[in-house]
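A.B. asks: just need the structure, nothing else, for what follows:
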Amino acid sequence: MNISENLLKIQSTIPANVKLVAVSKTKPNEYVEEIYNAGQRVFGENRPKELKQKHEDLPKDIEWHFIGHPQSKQVKYFAEFVQLIHGVENIKLLQVINKEGVKHNRVINVLLQFYIAQEETKFGLDLIEANALLHSDEFKEINNVKVVGVMGMATYTDDIEQIRSEFKNLNQIFTELKQGFFAGDESFKEISMGMSGDYEIAIEEGSTMVRVGSSIFGVRNYL
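C.D. replies: Predicted coordinates for the structure are as follows:
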C-alpha cells in the first residue's frame, strides 16, 4: 500500500477551495510523516491522548483537528493547540472549551454538529435546538470559542439520493444560521461533511471540508 499515492489520488478529486482533513486516528506516526512529506498538513484525530502525543512527536506546522465528539474531561488534552473541534452539540461542552480557551489565552474554533442522518448511532443538534443555543444567555457569555461553521454525517447507505438529500439539508442549515446569527461574520464559512465513501457527493452539495481516512491509510485499525 502506497499511502502517498492514495493521497494524490484523493487530492486530484478535491477542488482547491475544499480542505482535506486526513483522518489519522489509530495510525502510526510514520504514516502521518509519509503524507506530511507529500504535502499534507491537516490531520484529524478522535482520541485525546493519542492526539496530544502525536502533536508532541510530529512536526509543529501540522494543523490538528479533533473530529470526534469530545467529553468535557478530555478537552484539556488538546485545547492548547487544536485548530478546530468538530462535533460540538451542547452549551455545557462549549463552556468547557471556553474555560480551556481562557486558560491558554486563545480562541478555539468549533463546528456545531447537526443530526442529518437516519441512524440512531449518529447525534447532533436540530435547527430548533441550535437556535435556542445561539440565543441563550450562556452562549453570549462565551468569548474564547468561535463557531466557524457546521458539520454532520450522512447515513451509511448505498442510497446516493438519500445521502445527497442529507447533505443538502446541512447546507440549508448552514445558510439559515449564516443569515440569522452570523451575517457579516466572515469566519463562519465551514460546512464539514463527507468522508471516504461519500465525500465527492458532499463536495457537490457544498462541503468546504472533507474527512478522509480509509481511502488514504487503508482500513482502520481498531485497537
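A.B. asks: is it correct that residue 208 is in contact with residue 151?
C.D. replies: No: checked against Cβ atoms under 8 Å, the pair residue 208 and residue 151 is beyond contact range at 10.3 Å. For every residue, glycine as well, the C-beta is placed using N, CA and C.
A.B. asks: now the common contact residues for these two.
C.D. replies: Both residue 208 and residue 151 are contacted by 190-192, under the criterion Cβ atoms under 8 Å, 6 or more residues apart in numbering.
A.B. asks: which of those has the largest number of neighbours?
C.D. replies: Greatest neighbour count in the shared contacts of residue 208 and residue 151, by other Cβ atoms under 10 Å, goes to residue 192: 28 neighbours.
A.B. asks: please report how far that one lies from residue 84.
C.D. replies: 8 Å (Cβ to Cβ, to the nearest Å).
A.B. asks: between those two, what contacts are shared?
C.D. replies: The contact lists of residue 192 and residue 84 share residue 111, where a contact means Cβ under 8 Å, 6+ apart.
A.B. asks: compare residue 208 and residue 151 (neighbour count), which wins?
C.D. replies: Between residue 208 and residue 151, residue 151 has the larger neighbour count (other Cβ under 10 Å), namely 28 against 18.
A.B. asks: so what's that one up against?
C.D. replies: 86-87, 111-114, 170, 190-193, 209.
A.B. asks: among the shared contacts of residue 208 and residue 151, which one lies nearest to residue 138?
C.D. replies: residue 190 (22.9 Å; Cβ to Cβ).
A.B. asks: beta-bridge partners for the closest one, please?
C.D. replies: Beta-bridge partners recorded for residue 190 (DSSP bridges): residue 149.
A.B. asks: so what's it up against?
C.D. replies: So residue 190 contacts 84, 111, 148-151, 208-209 (Cβ under 8 Å, 6+ apart).
A.B. asks: of those - the most surrounded one?
C.D. replies: So for the contacts of residue 190 (other Cβ under 10 Å), the most neighbours sit at residue 151, 28 neighbours.
A.B. asks: quick check: nearest residue in space to that residue, chain neighbours excluded?
C.D. replies: Nearest residue to residue 151, sequence neighbours excluded (Cβ to Cβ, 6 or more residues apart in numbering): residue 192, at 3.7 Å.
A.B. asks: need the phi and psi values for that neighbour.
C.D. replies: Residue 192 adopts backbone torsions of phi -90, psi 100, taken as degrees, to the nearest 10.
A.B. asks: can you check residue 173 too?
C.D. replies: For residue 173, the backbone dihedrals (degrees, to the nearest 10) come out as phi -60, psi -50.
A.B. asks: give the residue spans of the protein that score low on pLDDT.
C.D. replies: 1, 120-122, 220-223 (pLDDT under 70).
A.B. asks: now do the strands in it.
C.D. replies: 19-23, 42-45, 63-66, 84-88, 108-113, 145-151, 190-192, 209-212 (DSSP state E).
A.B. asks: can the ones you listed go into a markdown table with extra columns for distance to residue 31?
C.D. replies: Listed next are the strands of the chain as a markdown table, based on distance: least, Cβ to Cβ, whole Å:
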| stretch | distance to residue 31 |
| --- | --- |
| strand 19-23 | 9 |
| strand 42-45 | 10 |
| strand 63-66 | 15 |
| strand 84-88 | 21 |
| strand 108-113 | 25 |
| strand 145-151 | 24 |
| strand 190-192 | 22 |
| strand 209-212 | 13 |
